[in-house]
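> Kindly return the folded structure for what I paste below:
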Amino acid sequence: MRLILSLLAGAALLNNAAQAADEVTLTVDHQKFTPAQFSIPAGVKTKIVIRNQDSVPVEFESYDLSREIIVPGHGETTIYVGPLESGNYQFFNDFDHDMKGSITVKAKGN
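Numbers count the residues shown, from 1 in each chain. So this is what the prediction gives:
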């Protein structure tokens, strides 16, 4: 019986690991987001690490994602998004609206 319970617990952990957060690093350098466009899978919680290599702060903002956070100069912060449905989600630097990017959320197999 213990073996069966252990196997079931192990299967649950593997299933949770498959649905665990993906991770993307978004870098700010020379007043640009890199990458400016990236893709993540639909239905999966995603960790986005924002690294600001510039000396001035940026405000990562997205109406589509309902996120707004200031990243200090030479600082780093983390946000989580999702799970999201397929589509395009825009983001920008609220201190410089010309500095923008987008996330494409794709369903499996697309």
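
> List the beta-bridge partners for the residue nearest to the spatial centre of the chain.
The chain has Ile48 as the residue nearest its centroid, 3.1 Å off, counting by Cα atoms, centre = their mean. With DSSP bridges as the criterion, Ile48 is bridged to Val24, Ile79.

> And for the one 4 residues further on?
Per DSSP bridges, the residues bridged to Asn52 are Val28.

> Need the pLDDT of it.
Per-residue confidence at Asn52 stands at 98 (pLDDT).

> Just confirm it contacts Ile70, I think it does.
No: using Cβ atoms under 8 Å as the test, Asn52 is too far from Ile70 to be in contact (9.5 Å). (Each C-beta comes from the backbone N, C-alpha and C, glycine too.)

> quick revisit: just list the residues touching the residue nearest to the centre of the chain, thanks.
Listed by Cβ atoms under 8 Å, 6 or more residues apart in numbering, the contact set of Ile48 reads Glu23, Val24, Thr25, Leu26, Thr78, Ile79, Tyr80, Val81.

> could those residues go into TSV alongside neighbour count and pLDDT?
As requested, those are exported to TSV (neighbours: other Cβ atoms under 10 Å; pLDDT from 0 to 100):
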residue	neighbour count	pLDDT
Glu23	12	96
Val24	16	97
Thr25	14	97
Leu26	20	98
Thr78	12	98
Ile79	17	97
Tyr80	11	97
Val81	22	97
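
> now, which of the residues you listed sits nearest Val56?
The closest of those to Val56 turns out to be Leu26 (Cβ to Cβ; 16.4 Å).

> Figure out the helix or strand that the closest one lives in.
strand 22-28 (DSSP states H and E).

> Show me what that strand is packed up against.
Under the contact criterion of 3 or more Cβ pairs under 8 Å, 6 or more residues apart in numbering; DSSP states H and E, strand 22-28 touches strand 33-34, strand 37-41, strand 46-52.

> I'd like to know which of those strands lies nearest to Phe92.
Closest of the helices and strands packed on strand 22-28 to Phe92 is strand 33-34, at 8.7 Å (criterion: Cβ to Cβ).
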